[in-house]
Every structure is written in structure tokens, then in C-alpha cells.
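Asker: Okay, sequence plus prediction incoming.
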Amino acid sequence: YVTGHHPALMRAINDLLRKFGRVTQAELDEIYDRFINTNRFTAEAERATVRLLSQMDAVGDAIDNARTEINDYSGTLDGSVDEMDKGVGESRLRAIIADLMASTSNMSRLNSKLFEQLGDAKSEVIELRESLESIRTESQIDPVTTLANRMFFDTALADAVRHAHRTGDILSILMTDVDHFKKFNDTYGHLTGDQVLRLVAISIKQNVKGLDTAARFGGEEFAIILPGCDAGGAIKVAEQVRKAVMSRELVKRSTGENLGRVTISIGVAHLRKDDTPATLIERADSALYAAKRGGRNMVVAESDPVMVQARSSGHAA
């Protein structure tokens, strides 16, 4: 809350302070579960799984009961047929028919109950499946930008690197950072900061496609995985994203005030034979901060002269 790195959490606390002047321990616990607790989705999934297993047990019990009743009914039918084959009087025949009608009626009620339970179970399973899918989706999405979150990005990059090494395919990544983001937050507030993040996210979404993965890497940093994209193609995508962001004017929603244009800096790295996800990110990050040092609002690739010179200086040192 103090660092301002979690705008949604800040809003929740500020709303409580504005309304009540204080935040209770119970409210803090709830805020923790919503915004910080990484086990929340696991707990929700476990609860949904318990409900599903309980429903399956109930259906199993209902089927077992129905099987028992069917066996009893079959026994009643067989016994009645055997008795009638031996010859019975009219009164006994009437009694047998009455018993069969009662047993048939009972079976009909049991079948109706079983069908009702199966229908309820089907509805419950559909609801649980939707709930689990929602949990899965929510656990992968950044709530502010609706891009993939860091957890999903890490998994996607590991998969992409593994696939590229196995198949020999090419792979590039972009690391991007919003220029002067702290100034937006400090000057206009965190709601405007969120608006800046969403503006960048929209520009990224409009310039990635297919198997590309765009994610909020953390804070004001974004990352894009570009499978099948060489260094030249990655630089082209980076420039498209940079220009798309710069072309949009930021307007403060609460007042309509024009806050000018947002710019971003981008670093580009291309997968090498000995790369891990961490080393690939590290080189893209180095290129990103070279763009920052170079004046911001620019794209720097690891193959650019400024990066080659920096690496040479580092090796010489």
C-alpha cells in the first residue's frame, strides 16, 4: 500500500478509510485474500472439487439404491410368474396383480426420483465446471489490464523456449516499460495510473496475434512472447506497439483533462541455443534499460550497436 505498486489494493483500502475512517482486521484479511494470497485460487478450486466429489457420491448412492430396488422388483416379477404358472385361484390372482401394480408404481416413483437426482447432478456439474473454468481463467489474468499475468507468462515462456529448443524454431521476446509512470501516479493519482496501464495494454493487444502472448510482467512493465518471429520481425512489432501507444492521448476520465501522450521503451531479445527463460528475459531487460538510458520512447534490440558495445565493454572489464 505504501509503495503504491498495487493500485487495486490501494483503492480497496482507501474506500474503507473514506467510508469508515479505519480498516478492521477482518477487512484486512479479506483484502489479503483478494489481492495478495496466491493460494486463494487453489482453495476455491479445492472447494469446487469437494462439491463435485460430493455430488458424484450422491449420484453413486442413488444408482446403488435404484439397482437394489430393480433387483427386488425383478424378484417380485419372477415370483409372481412362478406362482401363476402353478395355477392359482381368482382371489390369489387378484392379490398378485395388486402386488405387481404396487411394485410397479413404487418403481415408477423411484425412477422419477433417480431422474430428478441425475438432472440436479448434471446442473451441478455444469455449474462446477463453469466455476472451475472461471477460477482457472481468473488465476491467469491481470485484473487491471486483462492481459495475462506474470504467473501465466512464466509458464508460457518456459513452454515456448522448450518448444523452440526441441524443434529449432525461432523465438523473440519484448520487454517494455511505461516512461515516467511514477510521475503519472504521483501527479494524477493511481486511478489515472491504472488508465495508463490499460491504454498500453490495449495498444499491445491490437498489435499481437496468433500464438503471441502479451502479459503484464509487473508494475508498469509488460512482456510479449513472439514465437516464430525473428529479430527483425520482433523489432517491427515493437515499433508498432510503441507508435500505437504514442498515438493515443490520455484524458483524465473524472475531469476530461487532457494529460498528453504516454510513451514506452522496449527491449528486444532473440532466443539463442543455450538460452533459458531467465537469460532471455535478462537480455531483453538489458536492451530495455538501454532504451531508457538512450532517452526513452524508443526500441533497442540486443543486436543494436549500443548493446554490442556495452557487452564488449563488460567483457573487457
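Answerer: Received, thanks.

Asker: ok so Ser254 is a strand residue?
Answerer: No: assessed with DSSP: H, G, I helix; E, B strand; the rest coil, Ser254 is coil; it does not lie in a strand.

Asker: what about the residue lying closest to it once chain neighbours are set aside, how many neighbours?
Answerer: Closest residue to Ser254 apart from its sequence neighbours, by Cβ to Cβ, 6 or more residues apart in numbering: Leu191 at 7.5 Å. Where you see a C-beta, it was placed from the backbone N, CA and C, and this is true even at glycine. Neighbour count of Leu191, defined by other Cβ atoms under 10 Å: 14.

Asker: If we ignore the residues flanking it in sequence, what's nearest Leu259?
Answerer: Distances taken as Cβ to Cβ, 6+ apart place Leu250 nearest to Leu259, at 4.4 Å, with adjacent residues excluded.

Asker: What of Ala234?
Answerer: Once flanking residues are discounted, Ala234 sits nearest to Ser172: 3.6 Å by Cβ to Cβ, 6+ apart.

Asker: Secondary structure class of Val200, three-state.
Answerer: Here Val200 is recorded as helix under three-state DSSP.

Asker: Let me see the backbone angles for the residue lying closest to it once chain neighbours are set aside.
Answerer: Sequence neighbours aside, Val245 is the residue nearest to Val200 in space, at 5.5 Å (criterion: Cβ to Cβ, 6+ apart). For Val245, the backbone dihedrals are phi -60, psi -50 (criterion: degrees, to the nearest 10).

Asker: got the contact list for Val245?
Answerer: Applying Cβ atoms under 8 Å, 6 or more residues apart in numbering, we find Val245 in contact with 199-200, 203, 262-264.

Asker: who wins for most neighbours among the residues you listed?
Answerer: Counting neighbours by other Cβ under 10 Å, Ile264 comes out on top of these with 29 neighbours.

Asker: who touches stretch 146-159?
Answerer: By Cβ under 8 Å, 6+ apart, the surrounding residues in contact with stretch 146-159 are 139-142, 173, 201, 204-205, 213-218, 222-223, 225, 277, 280-281.

Asker: ditto for stretch 19-30
Answerer: If you take Cβ under 8 Å, 6+ apart as the criterion, stretch 19-30 is touched by 13, 16-17, 31.

Asker: And the host helix or strand of Glu30, what's buried?
Answerer: Using DSSP states H and E, Glu30 maps to helix 25-35. Buried residues in helix 25-35, defined by neighbour count with 16 or more other Cβ atoms under 10 Å: 31, 35.

Asker: What is the subsequent helix or strand relative to that helix?
Answerer: The helix or strand immediately downstream of helix 25-35 is helix 40-85, counting by DSSP H and E.

Asker: what helices or strands is the following helix or strand past that following helix leaning on?
Answerer: Later in the chain than helix 40-85, the nearest helix or strand by DSSP H and E is helix 90-138. For helix 90-138, the packing partners by 3 or more Cβ pairs under 8 Å, 6 or more residues apart in numbering; DSSP states H and E come out as helix 40-85.

Asker: what about the residue nearest to Ala234, neighbour count?
Answerer: Residues contacting Ser172 under the criterion other Cβ under 10 Å number 27.

Asker: Over to Pro7?
Answerer: Neighbour count for Pro7, taken as other Cβ under 10 Å: 18.

Asker: Tell me where the stretch 101-250 of the chain is predicted with low confidence.
Answerer: For the stretch 101-250 of the chain, the stretches with pLDDT under 70 are 131-138.

Asker: where do the strands sit along it?
Answerer: With strands called from DSSP state E, counting those that start in this stretch, the stretch 101-250 of the chain shows them at 171-178, 213-218, 221-227, 249-251.

Asker: any idea how far Leu77 is from the residue sitting furthest away from the middle of the chain?
Answerer: Computed with Cα atoms, centre = their mean, the residue of the chain farthest from its C-alpha average is Gly89, at 73.4 Å. From Gly89 over to Leu77 the distance is 20 Å, taken as Cβ to Cβ, to the nearest Å.

Asker: same thing with Phe184?
Answerer: Remark: distance between Phe184 and Leu77 (Cβ to Cβ) = 81 Å.
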